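1. Sequence isn't available, so here's the structure alone:
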């Protein structure tokens, strides 16, 4: 059975602080919390917060940069240097406005699209050779600014629906770690959106490999 034991670090992109916690743009942080569970021990390190937990058959470092989104690469580069890891030994999970809400897209490598956090990682590592899990959040309704949409506080039914999206992304990462990226792609990339997904795709946009404009 193929596994991805080579993945040593799972990076979740988001913004630190309670103000941003329950927002679409924070999905990377939320997925790591789902993977870690309530008993995980998080420690400050390398411009971020990390915990070592079992994901699948082996232990992984879960890492949340605390540099805010557009400087995420600096924290990731520092962590890789300290751990003496290659770029392809990390997996990055982040929100994508160009992907239909609640859809998952797993890729082995690629560009940043318009996602500033991923662009920062590419700039610091000087490569896009790392796997990623893109979590679709759709685009804003007509007339709503993009920043307001991705940083909108989700409450009540909207938060309940988004929690299901987070759980789906966490499941995808567990499958990747247990059975390999290829199996994860085959299983999760074709999945239809959840019935009560938060947000909606912008009219006329496709499920491209681009990242969110955030």
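-> It's in. Only a predicted model underlies this, so the values are computations on that prediction, with no experimental measurement involved.
2. Quick check: beta-bridge partners of the spatially most central residue of the chain?
-> Central residue of the chain (C-alpha atoms, centre = their mean): residue 93, 1.9 Å from the mean position. Taking DSSP bridges as the rule, residue 93 bridges to residue 12, residue 133.
3. residues in contact with it?
-> Residues counted as contacts of residue 93 (C-beta atoms under 8 Å, 6 or more residues apart in numbering) are 10-13, 27-28, 31-32, 132-133, 135, 169, 173. No exception for glycine: its C-beta is placed from N, CA and C like everyone else's.
4. can you check residue 118 too?
-> The contact partners of residue 118, by C-beta under 8 Å, 6+ apart, come to 13, 72, 92, 94, 112, 132, 211.
5. ok, now how distant is the first one from residue 178?
-> In this view, residue 13 and residue 178 are 23 Å apart by C-beta to C-beta, to the nearest Å.
6. Same drill for those two, tell me which one is more crowded.
-> Taking other C-beta atoms under 10 Å, residue 13 and residue 178 do not tie; residue 13 has more neighbours (31 against 17).
7. Quick check: that one touching residue 30?
-> No - counting by C-beta atoms under 8 Å, residue 13 does not reach residue 30; the two are 10.7 Å apart.
8. Any buried residues in the lowest-mean-pLDDT helix or strand in the chain, and which?
-> Ranked by mean pLDDT, DSSP states H and E, the helix or strand of the chain with the weakest confidence is strand 43-45, at a mean of 87. The neighbour-count check on strand 43-45 (16 or more other C-beta atoms under 10 Å) flags residue 45 as buried.
9. That strand - which strands sit beside it in the sheet, and in what orientation?
-> Sheet pairing of strand 43-45 (DSSP bridges) gives strand 48-55 (antiparallel).
10. Off-centre distance for the strand it pairs with?
-> The chain centre lies 15 Å from the centre of strand 48-55; the measure is C-alpha atoms, centre = their mean, to the nearest Å.
11. Moving C-terminal from it, which element do we reach first?
-> Downstream of strand 48-55, the first helix or strand assigned by DSSP states H and E is strand 58-65.
12. Just the buried residues of whichever helix or strand comes after that next one, please?
-> Proceeding C-terminally, strand 58-65 gives way to helix 72-83 as the next helix or strand, assigned by DSSP H and E. The neighbour-count check on helix 72-83 (16+ other C-beta under 10 Å) flags 72, 73, 74, 75, 76, 77, 78, 79, 80 as buried.
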